[in-house]
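Peer 1: here's a sequence, model it:
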Amino acid sequence: MTKRKKPGRNCVTVLLSGGVDSSTCLAYLLNEGFDADALFISYGQVARSRELRAAKPVCRHFRVALHTIRLGNCTRKGPGLIVGRNAFLVCTAVLEAPTKSRIVAIGIHSGTRYRDCTARFVKAMQDILDTTTGGAVRVSAPFLKWTKPDIWELAKRLKVPLSMTYSCEGGGKQPCGKCDSCWDLERLRASAN
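Peer 2: Numbers count the residues shown, from 1 in each chain. Next comes the predicted model:
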C-alpha cells in the first residue's frame, strides 16, 4: 500500500457498506482523481458481518485503506428503515475517520423511500458540518440524482467487482429476496437479461 498523503482538498472518506452503491461510489471517486479511503461502521445492523466481508475485498481490489468502527452495546437493527442511520454514519465519519478527510462521501441515490436519501438530507447534513467543523468538511453524495440502474451501468463501466459486493439487509448467507436491496438487485439483473 502506498504511503498516505496529508489530507488535502481532494481527500475523501467513502462510507462503505460493501454493497453495490457504496462500492461504485468508491470507484467513481477514485476514477475522478480523489485520494480515497473507506470507512465501514458496525452499528448493530444484522448484515454487518456479511457487509464487512464484502467491504474488505472491494478495498483490496481498489487498493484503498479500509478503516472500521464498531459501536459497542448497540441494539440490533433489522432490515428496512433505520431512523437516523445516514446522519449517524456521516457524523461518525467526521468524528472518527483516521485521515480527517475534507470530504465524506455516501452512496445514496434517488428512487428510494428513505428521507435520508434526499437533497434535503444532504443540505441538512452540510449545515451541521458547516456548524461543527467551521466549513472544513463537506458531505458528498455524487449519485443523489441517479437511479439504481444508472449506478449499475457505471459499476460495470468502472469494472466494480460486483460479485464481491453484498446487498441484502437480512444478513443471511443467501440474499433474503424480500428487502429493498434484494428487490433492487433482482430488477437490475432481470433488466440485464
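Peer 1: now do the closest residue to residue 177 other than its chain neighbours, the pLDDT please.
Peer 2: Distances taken as Cβ to Cβ, 6 or more residues apart in numbering place residue 186 nearest to residue 177, at 7.2 Å, with adjacent residues excluded. C-beta coordinates here come from the backbone N, C-alpha and C atoms, glycine included. We have a pLDDT of 76 for residue 186.
Peer 1: residues near residue 186, how many?
Peer 2: If you count neighbours by other Cβ atoms under 10 Å, residue 186 ends up with 12.
Peer 1: please identify which helix or strand holds it.
Peer 2: helix 180-192 (DSSP states H and E).
Peer 1: follow-up on the earlier one: the residue nearest to residue 177 contacts residue 176, doesn't it?
Peer 2: No. Using Cβ atoms under 8 Å, residue 186 is not in contact with residue 176; the gap is 11.1 Å.
Peer 1: hey, C-alpha coordinates of the biggest strand by length in the chain in PDB?
Peer 2: Secondary structure of the chain read by DSSP state E shows that its longest strand is strand 35-42. What follows is strand 35-42, C-alpha atoms only, in PDB (Å, rounded to 0.1, in the frame of the first residue of the first chain):
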ATOM      1  CA  ASP A  35      -7.300  10.300  -2.800                       C
ATOM      2  CA  ALA A  36      -9.800   8.000  -1.200                       C
ATOM      3  CA  ASP A  37     -10.000   5.700   1.800                       C
ATOM      4  CA  ALA A  38     -13.100   3.800   3.000                       C
ATOM      5  CA  LEU A  39     -14.800   3.600   6.400                       C
ATOM      6  CA  PHE A  40     -17.000   0.700   7.500                       C
ATOM      7  CA  ILE A  41     -19.200   1.300  10.600                       C
ATOM      8  CA  SER A  42     -20.800  -1.500  12.600                       C
END
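Peer 1: and it, which strands flank it?
Peer 2: Here strand 35-42 is paired, per DSSP bridges, with strand 11-15 (parallel), strand 66-70 (parallel).
Peer 1: in the first one, what's buried?
Peer 2: Burial within strand 11-15, assessed by neighbour count using 16 or more other Cβ atoms under 10 Å, is assigned to 11-15.
Peer 1: show me what the helix or strand of the chain with the lowest mean pLDDT is in contact with.
Peer 2: Lowest on mean pLDDT, DSSP states H and E among the helices and strands of the chain sits helix 180-192, with a mean of 76. Contacts to helix 180-192, defined as Cβ atoms under 8 Å, 6 or more residues apart in numbering, come from residues 19-20, 80, 112-113, 148-149, 152, 167-170, 175-177.
Peer 1: of those residues, closest to residue 67?
Peer 2: In terms of Cβ to Cβ, no member of the contacts of helix 180-192 lies closer to residue 67 than residue 19, at 17.5 Å.
Peer 1: quick one, helices of the protein?
Peer 2: For the chain, helices defined by DSSP state H occupy the ranges 20-31, 48-62, 85-96, 119-133, 148-157, 180-192.
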